[in-house]
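Visitor: Dropping the sequence and predicted coords here.
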Amino acid sequence: MGVRGGARLYAAVAVRGFRRYATYRVATLAGVFTNTVFGFVVAYTYTALWSVRPRLGGYDLPQAVTFVWLGQGLLMATALLGGGNESELVERIRSGDVAIDLCRPANLQLWWLATDLGRAAFHLVGRGVLPMAAASLVFRLAWPSGVAAWGCFLVSVALGVVVSFAIRYLVALTSFWLLDGAGVLLMAALLATFFSGMVLPLTVFPGWLGTLARALPWSAQLQVPADVFLGRHRGTGVLWALAFQAGWAVVLLGAGQLVQSVATRKVVVQGG
Amino acid sequence: MDALIQLDGVRKEFEVRRRAGLLRRERRTVRAVDGLSFEVARGEMVGYIGPNGAGKSTTIKMLTGILVPSGGRLSVAGVDPSRERTRLARRIGVVFGQRTTLWWDLPLRDSYELVRRIYRIARDRYTANLEACVELLDLAELLDVPVRQLSLGQRMRADIAAALLHDPEVLYLDEPTIGLDVVSKAKVREFLRQVNTERATTVLLTTHDLTDIEQLCRRVMVIDHGRLVYDGGLDGLHAVGESERTLVVDFERELPPVNIDGARAVRTEGPRQWLAFPAAASAAPLVAELAARYPLVDLSIREPAIEDVIARMYGGRDEASRLPG
Amino acid sequence: MADAGRLAGFERRGRTAVAIDGLRAYLLIAGMWIRSTMVYRTSFVLMAVGNFAMTALDFAAVAIIFGHTRVLGGFTLTETAFLYGSSGVALGLADLVVGNLDQLGRRVRDGTMDTLLVRPVPVYAQATADRFALRRLGRLTQAAVVLGWSMTRIDVAWTAVDVLLVPVMLVSGAAIFAAVYTIGAAFQFWANDAAEVQNSFTYGGNALTQYPPTVFAKDLVRGATFVVPLAFVNWMPALHILGRGNPLRLPGWVDFCSPLVALATCALAGFAWRTGLRSYRSTGS
């Protein structure tokens, strides 16, 4: 299979991932409603905080409020609380069905990455656009200026999704050794929520905690895309931000490949 | 004989909504069960068959009180099931094919203990029933095993036992032998026969396996498109449907379609041929004649599937208009 | 007349008997789930700790906010912690007891709802006890710790009424959240993949009431008072204890209305549940 054939295969897998989530219309609407409710609640608390501490964390009030809504809009796309396809992978590993996946003429990790990208594309549109639109009716938001800025933001989101996937994939692979998938997934969601900027922007975190949080891969899932959206990086700063995400993506995907090869050897030896 | 189950013109209609365009939805009323009337006497064991979507499970759901009928009269053990569902629940046992009610991670015994307390079964009655089930269904070695470790056949036997601990007057079984190996199937059938004859438990059995019916039920009801299309003995069903069994024969080499009395070749594929013969006829003389005249390698007999039987009875009505479920 | 009276009496006794039957079944089934989870002890510990940590990080955010400001919406950290803890305990209790109702849509979809309907005990008891999870104690514990801490620190001259108001607030709050879970579950009889909507009112309601009402727009507070009465989970009684004015300038007796509101929402939830179940039984889907 040539490179082009491979690309076509993964593209088809991604499209299937998109379509699969697109069928849950009621669930999507229900989710949009929930994102919007949470967005309102958190936006008001940020408003209260920023009205006593203007320019906290380097954001003005509209930027801080926009940060909240970006969090709600990207929550599903970058699967901060889980809800990607990782629990399905865990289930397949536990049931042994993963042996079937290993027989496919595709790399297991890239196969799952493709379905997750399809899923994320759907969630970005289906769960991201409507809450932002609702917010723009009530709050003053800070929008990117120009096509280039929007483009950078989309690239940053895509990289954020890849980093998010790479982490969740590593977590899911632990089920080859651990009996308990759910507990580990919960812990992973926990770290992702706190260290992505979902509960508070990482620039507001105090001292060393803030420095550490901004260097960890989870910041690539919300903090970095949000900063790109809000135009916080000047000139080549944007490229550095994207490079930071890409770097983590490569490192984590590589780690995933490594663990995967150990894990599949285990499957082959034990016969599932 | 007094009738334990009575249905008189029972109907069940569903409103099906379908997307028609982006926002518009079409509403359509579908009759899943359409004027069903029958009686089942106490102690009878009846096969209830029909194609998928014919209205079988809808009927069972109405008989157990899960669904409220849209019209007609329905009584089980003198009670209107949908009105007194909880009271009736103590007097019926239900086994839903592949949906186990057992506790996955706990020893089988614990599931039974819960049944005892939920149904408030007296201790001595419980012990006696459990002992009987354990013996007849061969569960003794499984009682302390977590349910997740049981095989499909073992689990089905365990599920059937769970449905009988409270001495139900009626037992509804939905596909009790689906997916089971031959030995498990035989065990389940033997047990059901004993429950029916020794305890006089009334049994209503839906299945896709005609052998279940052949070996267990003297009476069969066939439902199609929500109506009862046949009610009588199994022999009658075969005769009415003029159904055929198929003899699949592997010859040593490719042959022209064989010509033999009492059977006709319906399909050839290389050295393999499919010969149809009346279901009522014996296969033995056919096989003997074939063996005498042709070089045989292997042969097997395919029983008529219920779908085939019913399709033949009604000349293959439109399949598309059937409801799922 | 006498007949009617006797019938009504019979009906009442019948209801009590059903309630006792339901409670007994709930305890039996919940007990089975506890024993099931104990088969995977490590997993249970991980999940319980995870639940605790998840909400603890939530409170870390509150702490970070108060690292940047002394007051938020006019409330100090300890006062906010009192709101946070009381809302968290109320939700934690409801979540522990009936939180698994959000699985109802799944049961409707995969058809296992039917297996609950053929047992001789109330469906509500079975549906709430389904997959009962002690790990939810993690959330409850965390909220209780914050509440306990805040009560030793807040600047309140505790009167007997205040002291009595705390348990009343927690129980009423839990009942209001339980009613919300139930109404959400009833809704899933029709829209069986809309489980997330109820998160808006349970977890969302929790996110709302853990901050002072002064933080939010008046319309949002009005909505949370008169439409979905989440304000009665903790705001109304807690503001009384903290000696703060009512955010909507409602009369003082409103501060004590939580139990009544809880009763009303539970009655509504009961009605919604019965309607949902009836609809399921007439449509089968």
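Guide: Nice, I can see it. Residues are numbered from 1 along each chain as shown, chains lettered A, B, ... in the order given.
Visitor: The closest residue to chain A within chain C is in what secondary structure piece?
Guide: Going by C-beta to the nearest C-beta, chain A is nearest to C:Leu46 of chain C, at 3.2 Å. Heads up, the C-betas are built off the backbone N, CA and C, glycines and all. Assigned by DSSP states H and E, C:Leu46 belongs to helix C:41-68.
Visitor: Tell me the helix or strand right after that helix.
Guide: helix C:77-98.
Visitor: Phi and psi next, for B:Val170.
Guide: phi -120, psi 140 (degrees, to the nearest 10).
Visitor: if I look at it, how far off is chain A?
Guide: 36 Å (C-beta to the nearest C-beta, to the nearest Å).
Visitor: Go ahead and confirm C:Gly205 touches C:Leu230.
Guide: Yes. Contact criterion C-beta atoms under 8 Å: C:Gly205 and C:Leu230 qualify, at 4.3 Å.
Visitor: joint contacts of these two?
Guide: Here C:Gly205 and C:Leu230 have C:Ala224 as joint contacts, going by C-beta atoms under 8 Å, 6 or more residues apart in numbering or on different chains.
Visitor: B:Leu286 against B:Leu247, yeah?
Guide: Yes. Using C-beta under 8 Å, B:Leu286 is in contact with B:Leu247, at 6.5 Å.
Visitor: so where's the stretch 101-250 of chain A uncertain?
Guide: Residue ranges of the stretch 101-250 of chain A with pLDDT under 70: A:179-181.
Visitor: Quick check, the residue in it closest to chain C?
Guide: Counting by C-beta to the nearest C-beta, the stretch 101-250 of chain A gets nearest chain C through A:Gly183, at 3.2 Å.
Visitor: quick one: contacts for that residue?
Guide: If you count contacts by C-beta under 8 Å, 6+ apart, then A:Gly183 has C:Thr42, C:Ser43, C:Leu46, C:Met47, C:Gly50 around it.
Visitor: Would you format those as JSON lines with pLDDT and neighbour count included?
Guide: Converted to JSON lines, those look like this (pLDDT from 0 to 100; neighbours: other C-beta atoms under 10 Å in any protein chain shown):
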{"residue": "C:Thr42", "pLDDT": "80", "neighbour count": "11"}
{"residue": "C:Ser43", "pLDDT": "79", "neighbour count": "19"}
{"residue": "C:Leu46", "pLDDT": "81", "neighbour count": "19"}
{"residue": "C:Met47", "pLDDT": "84", "neighbour count": "22"}
{"residue": "C:Gly50", "pLDDT": "84", "neighbour count": "22"}
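Visitor: for B:Tyr9, helix, strand, or coil?
Guide: That one is not Tyr; residue B:9 is Gly. strand (DSSP: H, G, I helix; E, B strand; the rest coil).
Visitor: That one: neighbour count?
Guide: 13 (other C-beta atoms under 10 Å in any protein chain shown).
Visitor: ok, now B:Arg264?
Guide: For B:Arg264, using other C-beta under 10 Å, the count is 14.
Visitor: re earlier: what comes up buried for the helix holding C:Leu46?
Guide: C:43-44, C:46-62, C:64-66, C:68 (16 or more other C-beta atoms under 10 Å in any protein chain shown).
Visitor: what does stretch B:261-273 give?
Guide: B:Ala263, B:Ala265, B:Thr268, B:Gln273.
Visitor: what about the helices in the stretch 201-325 of chain B?
Guide: B:210-216, B:234-241, B:284-293, B:306-313 (DSSP state H, counting those that start in this stretch).
Visitor: hey, where'd the helices end up in chain A?
Guide: Taking DSSP state H to define them, one finds helices in chain A at A:3-22, A:25-52, A:61-74, A:86-95, A:98-102, A:108-123, A:129-138, A:147-173, A:181-196, A:207-215, A:223-229, A:237-270.
Visitor: Contact partners for the residue most central in space within chain A?
Guide: Nearest residue to the geometric centre of chain A (C-alpha atoms, centre = their mean): A:Thr78, 1.8 Å. Residues in contact with A:Thr78 (C-beta under 8 Å, 6+ apart) are A:Ala120, A:Val157, A:Gly160, A:Val161, A:Ser164, A:Ser196, A:Gln221, A:Leu222, A:Pro225.
Visitor: tell me the two of those residues that are most distant?
Guide: A:Ala120 and A:Ser196 (14.6 Å; C-beta to C-beta).
Visitor: per-domain residue ranges of chain B.
Guide: B:3-239, B:244-303 (automatic domain parsing).
Visitor: Lowest average pLDDT across these?
Guide: If the domains of chain B are sorted by mean pLDDT, domain B:244-303 sits at the bottom with a mean of 83.
Visitor: Now do the same for whichever residue of the stretch 51-200 of chain C sits closest to chain B: helix, strand or coil?
Guide: Nearest residue of the stretch 51-200 of chain C to chain B (C-beta to the nearest C-beta) works out as C:Pro120 at 3.9 Å. Three-state assignment for C:Pro120 (three-state DSSP): coil.
Visitor: Run through chain C and note the low-pLDDT ranges.
Guide: Residues of chain C that meet the cut-off, pLDDT under 70, sit at C:1-13, C:284-285.
Visitor: centroid residue for it?
Guide: C:Phe177 (2.5 Å).
Visitor: Next up, identify which helix or strand that one is on.
Guide: helix C:160-188.
Visitor: Give me the packing partners of the helix or strand just after that helix, helices and strands only.
Guide: Per DSSP H and E, the first helix or strand lying C-terminal to helix C:160-188 is helix C:195-201. Counting contacts by 3 or more C-beta pairs under 8 Å, 6 or more residues apart in numbering or on different chains; DSSP states H and E, helix C:195-201 is packed against helix A:25-52, helix C:104-110, helix C:160-188.
Visitor: The closest residue to chain C within chain B and C:Asp21, how far apart?
Guide: Nearest residue of chain B to chain C: B:Ala89, at 3.9 Å (C-beta to the nearest C-beta). Distance from B:Ala89 to C:Asp21, counting by C-beta to C-beta, to the nearest Å: 12 Å.
Visitor: ok, those two, which is more surrounded?
Guide: B:Ala89 (22 against 17).
Visitor: Can you tell me how far that one is from C:Ile176?
Guide: Taken as C-beta to C-beta, the span from B:Ala89 to C:Ile176 is 32 Å.
Visitor: related to what we said a few turns ago, I'd like the helices and strands packed on helix C:195-201 laid out as CSV, including distance to A:Gly235.
Guide: Output for the helices and strands packed on helix C:195-201, formatted as CSV (distance: least, C-beta to C-beta, whole Å):
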stretch, distance to A:Gly235
helix A:25-52, 27
helix C:104-110, 50
helix C:160-188, 49
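Visitor: Could you report the neighbour count for the residue of the stretch 1-150 of chain A found nearest chain B?
Guide: Residue nearest to chain B within the stretch 1-150 of chain A: A:Arg25 (9.3 Å; C-beta to the nearest C-beta). The local packing of A:Arg25 (other C-beta under 10 Å) involves 11 other residues.
Visitor: Go through the helices of chain A and name the closest to B:Ile60.
Guide: So among the helices of chain A, helix A:25-52 is nearest, using C-beta to C-beta, at 28.5 Å.
Visitor: thinking again about what came up before, correct me, but the residue of chain C closest to chain A touches A:Ala188?
Guide: No. Using C-beta under 8 Å, C:Leu46 makes no contact with A:Ala188, being 11.5 Å away.
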